[in-house]
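Participant: Predicted coordinates and the sequence they were generated for:
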Amino acid sequence: MSDAFLNKVYQARTADQTRALYDDWAEGYDAEIALNGYATPTRCAAALAGFADVAAPLLDFGCGTGLSGRAFAEQGFTLLDGLDLSDEMLAHARAKGHYRSLTRIDPGAPLPFAPGTHPAIAAVGVIGCGAAPAAVLDQLIDALPRGGHFVFSFNDHTLEDPSCLARMKARIGDGATRLIFEEYGPHLPGQNIKSKVYVLEKT
């Protein structure tokens, strides 16, 4: 197996370069990630299921090839809407059959749903180095209804970036959310990378 894409994914680049990387990676993504023991989707899904209504709509932001959708489906979530910037990734997610809708979005664009549409939102392995910026936290928190839940993860690379943690702490400190779950554990064991999974509740 080649770790060519995993070696590139944490590097800074433009939005267009990020889309091109994930388009190119889509065909071999699931196999490469599986061989490295990708654990964060299962951890995020289990954490969210402990707080959210699995029968309510869930927005999977940055759904990629749908590995996160599979994990949420295994926890009983049935109304999944996925968003991603890569058409090729979305094609693989569509083939898995876990989503009621899948939509390509542009980086920084408004969400294609009215605020409050999804009582639960997920961003599994999406925010941080080489991926979505910390500002996405604000966008997704603001899209939740009061009492809604947001599950997301920061891997070791992101935990070293003060901007993401500062943004999360700011939204807790300003009273917009409260932290109800936090757990550090495996992310990509094959790469010796861990991640922290968080669940926030909109107040």
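Facilitator: Sure, I can see it. Treat the numbers as computed from the prediction; the structure is a model and nothing was measured.
Participant: Going by C-alpha atoms from here, please, whenever you check contacts or count neighbours.
Facilitator: Fine.
Participant: give me every residue that touches L48.
Facilitator: By Cα atoms under 8 Å, 6 or more residues apart in numbering, L48 lies in contact with H149, F150, V151, V199.
Participant: at 7 Å instead, please
Facilitator: V151, V199 (Cα atoms under 7 Å, 6 or more residues apart in numbering).
Participant: Identify each buried residue in the host helix or strand of it, please.
Facilitator: In this structure, L48 sits in helix 40-49 according to DSSP states H and E. When burial is assessed from 16 or more other Cα atoms under 10 Å, helix 40-49 yields the following buried residues: T40, P41, T42, R43, C44, A45, A46, A47, L48, A49.
Participant: what's the helix or strand following that helix packed up against?
Facilitator: Next along the chain after helix 40-49, taking DSSP H and E as the criterion, comes strand 58-61. Counting by 3 or more Cα pairs under 7 Å, 6 or more residues apart in numbering; DSSP states H and E, the packing neighbours recorded for strand 58-61 are strand 80-84, strand 120-123.
Participant: just the CA coordinates of the helix or strand following the longest one, formatted as PDB?
Facilitator: What that stands for is strand 80-84. Proceeding N to C from strand 80-84, the next assigned helix or strand is helix 87-96, under DSSP H and E. What follows is helix 87-96, C-alpha atoms only, in PDB (Å, rounded to 0.1, in the frame of the first residue of the first chain):
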ATOM      1  CA  ASP A  87     -17.900  14.800  -6.800                       C
ATOM      2  CA  GLU A  88     -15.700  11.700  -6.900                       C
ATOM      3  CA  MET A  89     -16.000  11.100  -3.100                       C
ATOM      4  CA  LEU A  90     -19.800  11.700  -3.300                       C
ATOM      5  CA  ALA A  91     -20.100   9.000  -6.100                       C
ATOM      6  CA  HIS A  92     -18.600   6.500  -3.700                       C
ATOM      7  CA  ALA A  93     -20.900   7.700  -0.900                       C
ATOM      8  CA  ARG A  94     -23.900   7.300  -3.100                       C
ATOM      9  CA  ALA A  95     -23.000   3.700  -3.900                       C
ATOM     10  CA  LYS A  96     -23.100   2.800  -0.200                       C
END
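Participant: what packs against the helix ranked longest in the chain?
Facilitator: Criterion DSSP state H: the longest helix present in the chain is helix 15-35. Using 3+ Cα pairs under 7 Å, 6+ apart as the contact criterion, the elements in contact with helix 15-35 are helix 87-96.
Participant: Looking at the helix it packs on now, give me its mean pLDDT.
Facilitator: Model confidence over helix 87-96, given as mean pLDDT, is 94.
Participant: buried ones in it?
Facilitator: D87, E88, M89, L90, A91, H92, A93, R94.
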